[in-house]
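Q: Any chance you could fold what I've pasted below:
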Amino acid sequence: MLTVYSAHDSHFINAQADQFANLKVVPSGGDLQEAALAGRLFTACNSTKVATTAGVTTTWTGLCISNVSTNKNAIVHEFGWGLMIAADVAGNIGLQTCSIAAPAAAVTAYNCLDGEATSSAVYADDGATLVSPRQVRTFGEYGTEDTATSFFNHGPHIVNLRGSLILPPGRTVATFTTLATTACFQFYFLWEEVDA
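A: Predicted structure coming up:
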């Protein structure tokens, strides 16, 4: 008989096979369910529309998360955006990484285990001075809705990073747009905090 370890119950249970000797596997939740239940999953979102600065720049606005801990890594699982109103220009949107001399928690970061403690390891901010920023991802376009520059880029705009971007202590990930916009965007990040 085949047994498997149950992390939920902390003991071994019997596994079952179908008539073709294939192991029966029943999904019991999303990929991030265990991280959320353990209180390791966090999210931050602009509470209202925000203007963006042009390109990879040190004087910046948008949304960023900064790992201010000394002993945690922040695994970025998702990034997303929406337009509250039409953008006044067209361009590309993506992410840049950097450090920040004085990280601030201007945007609230919430625990995905609703009602639990907020993060003390990662700060979220909507405007800062970035140190040595570098572009690391480009995801899509944005544009005006009523001109030839529109890309008809309808949401939802959710990028699953699959843990491919990890912020060690002292590092930041921030949004970027190729051209500066008036206040029109809302951004969000979803990340998991694990021991470094």
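
Q: Check which helices and strands the least confident helix or strand in the chain by mean pLDDT sits against.
A: One helix or strand of the chain scores below all others by mean pLDDT, DSSP states H and E: strand 3-6, with a mean of 74. Packing contacts for strand 3-6, counted by 3 or more CB pairs under 8 Å, 6 or more residues apart in numbering; DSSP states H and E, involve strand 11-14. To be clear about C-beta, it is placed using only N, CA and C from the backbone, and glycine gets the same treatment.

Q: Not counting the helix or strand that the strand it packs on is followed by itself, show me its contacts.
A: Using DSSP states H and E, the helix or strand that follows strand 11-14 in sequence is helix 33-37. With contacts defined as CB atoms under 8 Å, 6 or more residues apart in numbering, helix 33-37 is touched by 7, 41, 112-113, 192.

Q: immediately after helix 33-37, which helix or strand?
A: strand 41-45.

Q: Report the mean per-residue pLDDT for that next one.
A: Strand 41-45 shows an average pLDDT of 98 in the prediction.

Q: circling back: using PyMOL, define a selection of the buried residues within the contacts of helix 33-37.
A: Selection of buried members from the contacts of helix 33-37 for PyMOL, criterion 16 or more other CB atoms under 10 Å:
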select buried, resi 41+112+192
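
Q: Identify the farthest-apart pair in the contacts of helix 33-37.
A: Largest separation among those by CB to CB: Ala7 and Cys112, giving 18.5 Å.

Q: Can you give me the neighbour number for Leu23?
A: Residues lying near Leu23 (other CB atoms under 10 Å) number 10.
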